[in-house]
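J.: Below: sequence and its predicted model.
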Amino acid sequence: MVNSRIGPLTTEKFLFNVCNALLQGGVRTALFMVVYWFILPIFPSGAVPASYFDLFYIYVLIAVIPTSIAYIFSGTVLRYCIMSAKDLVLVIFFVNLLKEQKVTTRILVGDVTVSVTIDLLIPTAMIITIYLVNFGKSLLEAVNFMSESSEKPVEAI
């Protein structure tokens, strides 16, 4: 059985992949900006530490740009390599976040100052596990893609 996604990357396929990548990247960026501009301001000032805003931008850069580039190379093994590299970089990013396990903030509620401490170890460990599973999945998809392309029948001349 010949898989229809295996074959030379023609100009027509490449242009379709570029349009798809632009659309996917635009949608992902829009979703991140909705979170940043509309959902984060709902929290009281000081509830989200200022250092996390810079980390949010870094996460968006790591998550959106490689995914858009990977969509350009859809139908090639390079897509799976880019996705594997992105997942590995995100694992390293979140492991570095483990240094800041606890977030403490003070919120003024009326005349009372409330001190809130949140332990981020378990949610961060869950995110790291998800990206490690994605990393393994991308590697297995690359191996599957290569084995399917090697099984492609040779046509007679």
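T.: Perfect, thanks for sending it.
J.: for this structure, what spans make up the strands?
T.: Per DSSP state E, the chain carries strands over the ranges 102-109, 112-119.
J.: The last one: partners in the sheet, and parallel or antiparallel?
T.: The strands beside strand 112-119 in its sheet (DSSP bridges) come out as strand 102-109 (antiparallel).
J.: which helices and strands does the lengthiest helix in the chain pack with?
T.: Longest helix in the chain, counting residues (DSSP state H): helix 121-150. When contacts are defined as 3 or more C-beta pairs under 8 Å, 6 or more residues apart in numbering; DSSP states H and E, helix 121-150 packs onto helix 77-97. Using the backbone N, CA and C atoms, a C-beta is placed for each residue, glycine as well.
J.: Check the strands of the chain for me: which has the lowest mean pLDDT.
T.: Note on the strands of the chain: strand 102-109 shows the lowest mean pLDDT, a mean of 74.
J.: what's the distance between that strand and the middle of its chain?
T.: How far strand 102-109 lies from its chain's middle: 29 Å, per C-alpha atoms, centre = their mean, to the nearest Å.
J.: Ala85: neighbour count?
T.: Residues near Ala85, counting by other C-beta atoms under 10 Å, number 14.
J.: ok now do the nearest residue to it once chain neighbours are set aside, which residues does it touch?
T.: Closest residue in space to Ala85, ignoring its immediate chain neighbours: Pro66 at 6.9 Å, by C-beta to C-beta, 6 or more residues apart in numbering. By C-beta atoms under 8 Å, 6 or more residues apart in numbering, Pro66 lies in contact with Ile82, Met83, Ala85, Lys86, Val89.
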